[in-house]
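Asks: the amino acid sequence is not available; the structure is as follows:
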């Protein structure tokens, strides 16, 4: 992943806006991808996953897009709410591995 | 909720003392993990286990040991704690099946080594 120092990239949005959080991965053999949400003081929480044979998957208010050509995935959150404020990070796995590679995350701040 | 309990949730200890963190799961998952999370580094794998008595090192295993004598319990031990081991420690399990491999995490243990 990219090195951005001690501070996470931050995305600030207004309540009701749509949010897009990006993640780059480096392993071209990765075939399974997961997004996590981590609220302050809590453990990471699974949001949505996608396999490499798909380029889009939708959940409740969230959509994950996968672009394998440029090794990029994004998480779109519709109608962002204050409760969505958290750190979001991606993870990728390859070839049946049980050891994911985690991104460092993006801090999402939702202003009422 | 994947039935993961970490204990203790908070711990303050002194340099040079041994510390053991416990992870308990209720769903009989084969894979269990210990991570540490620090500002600027994200989640880093310390050790993982793929069965009773089967463990392996992660990227930051120096200074840590683990044991898994029962499927449900995975212990992380700092033999002689150092200030650099001040961190938040997360246990995780892998829930697999139907082509999925999703890690679920405990609530974390905040460890301060003074």
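Replies: Great, that's in hand. Please read these numbers as outputs of a predicted model, since none were measured by experiment.

Asks: first-to-last residue distance for stretch B:92-106?
Replies: In stretch B:92-106, first residue to last residue: 6 Å (C-alpha to C-alpha, to the nearest Å).

Asks: up against chain A, what does chain B have?
Replies: Residues of chain B lying close to chain A (C-beta under 8 Å from any C-beta of the partner chain) are B:31, B:39-43, B:45, B:48, B:50, B:58, B:90, B:94, B:99-108. Where you see a C-beta, it was placed from the backbone N, CA and C, and this is true even at glycine.

Asks: what subset of those is buried?
Replies: The neighbour count (16 or more other C-beta atoms under 10 Å in any protein chain shown) marks B:31, B:42-43, B:45, B:48, B:58, B:90, B:94, B:101-106, B:108 as buried among the residues of chain B next to chain A.

Asks: among those, which two are most distant?
Replies: B:101 and B:108 (21.6 Å; C-beta to C-beta).

Asks: tell me what residue A:11 is bridged to.
Replies: residue A:108 (DSSP bridges).

Asks: which residues touch it?
Replies: A:19-21, A:106-109 (C-beta atoms under 8 Å, 6 or more residues apart in numbering or on different chains).

Asks: same thing but 10 Å
Replies: Residue A:11 makes contact with A:19-22, A:77, A:80, A:88, A:106-110 under the criterion C-beta atoms under 10 Å, 6 or more residues apart in numbering or on different chains.

Asks: filter the residues you listed down to the buried ones, PyMOL style.
Replies: In PyMOL, a selection of the buried entries from the contacts of residue A:11 looks like this (16+ other C-beta under 10 Å):
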select buried, chain A and resi 19+21+77+80+88+106+107+108+110
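
Asks: which one among the contacts of residue A:11 gets closest to residue A:53?
Replies: residue A:22 (21.3 Å).

Asks: from residue B:89, how far off is the residue sitting nearest the centre point of chain B?
Replies: Most central in chain B under C-alpha atoms, centre = their mean is residue B:34, positioned 2.6 Å from the mean C-alpha point. With the distance defined as C-beta to C-beta, to the nearest Å, residue B:34 ends up 6 Å from residue B:89.

Asks: also residue A:21?
Replies: When residue A:21 is compared with residue B:89 (using C-beta to C-beta), they lie 25 Å apart.
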